[in-house]
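Trainee: following is a predicted model, sequence given first.
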Amino acid sequence: MNLLHLSKRERFYFDVGEALSMSNMRCFINEETLKVEINSGEYDFDVTGEEDTAQEALDNPDKFLPVEPVSPREAFSVMADFVETVKDKHMQQRLTDALNGRKPFANFNHLVHTTNVREQWFDFKNRAYTEMAKEWIEENASQELKEKIKALPAVRNVE
């Protein structure tokens with residue numbers, strides 16, 4: 001998935017998908033700017049020493065929509081679905097073994113990051129989480145937020 005070719009609407013969904021995939025982060029959608037804010041913890045500071053949006057989001061729940069990461073079961077399902085797309089039967093078996101063994105997340109990630117399926121995995125994962133983001137927005141966003149998202153350009157503006 002080439003991020004340079006995404007429309008503003010698709011980029012928004014991509015960013016929400018990334019937030020859904022981050023189980024160790026606190027993520028929020030700023031409902032005014034439609035910016036997806038990703039924080040490493042409840043209280044986080046950026047390199048300039050200024051407090052980032054985590055506390056602001058907690059203090060202003062009417063302005064920020066918290067993005068809850070997908071469950072481990074859903075994340076596992078994305079990995080299992082990917083395995084089905086791998087054409088190399090030997091690699092497909094190695095990935096299946098990684099998912100069926102101890103520490104399936106760590107072993108799967110190590111395998112995809114050290115083999116020739118790395119780029120295929122990233123593309124698959126990005127598409128899967130972007131689709132999950134669209135469903136998540138439909139289920140969790142207010143009508144007002146959905147309208148703002150629909151107002152985002154759906155076609156990339158070539159400048």
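Mentor: All right, it came through fine.
Trainee: point to the residue nearest the middle of this structure.
Mentor: Closest to where the C-alpha atoms of the chain average out (CA atoms, centre = their mean) is residue 18, at 1.8 Å.
Trainee: what's around the spatially closest residue to it that is not a sequence neighbour, how many residues?
Mentor: Ranked by CB to CB, 6 or more residues apart in numbering and with sequence neighbours excluded, the top spatial neighbour of residue 18 is residue 129, at 6.7 Å. Where you see a C-beta, it was placed from the backbone N, CA and C, and this is true even at glycine. By the criterion of other CB atoms under 10 Å, residue 129 has 24 neighbours.
Trainee: now residue 129: how far from residue 89?
Mentor: 26 Å (CB to CB, to the nearest Å).
Trainee: could you do residue 96 as well?
Mentor: Residue 96 sits 10 Å away from residue 89, taking CB to CB as the criterion.
Trainee: got it, and residue 149?
Mentor: Noted for residue 149: a distance of 41 Å to residue 89, by CB to CB.
Trainee: so how far is residue 144 from residue 78?
Mentor: Residue 78 sits at a distance of 30 Å from residue 144 (criterion: CB to CB).
Trainee: neighbour-wise, which of the two wins?
Mentor: Per other CB under 10 Å, whichever of residue 78 and residue 144 has more neighbours is residue 78, with 18 against 9.
Trainee: ok, the more buried one touching residue 126?
Mentor: No: checked against CB atoms under 8 Å, the pair residue 78 and residue 126 is beyond contact range at 10.5 Å.
Trainee: which residues are in contact with the residue nearest to the centre of the chain?
Mentor: With contact set as CB atoms under 8 Å, 6 or more residues apart in numbering, residue 18 has these partners: 36, 38, 129.
Trainee: which element follows the helix or strand bottoming out on mean pLDDT in the chain toward the C-terminus?
Mentor: Sorting the helices and strands of the chain by mean pLDDT, DSSP states H and E puts helix 53-59 at the bottom, at a mean of 77. Downstream of helix 53-59, the next assigned helix or strand under DSSP states H and E is strand 64-67.
Trainee: nearest spatial neighbour of residue 39, skipping sequence neighbours?
Mentor: Distances taken as CB to CB, 6+ apart place residue 54 nearest to residue 39, at 4.0 Å, with adjacent residues excluded.
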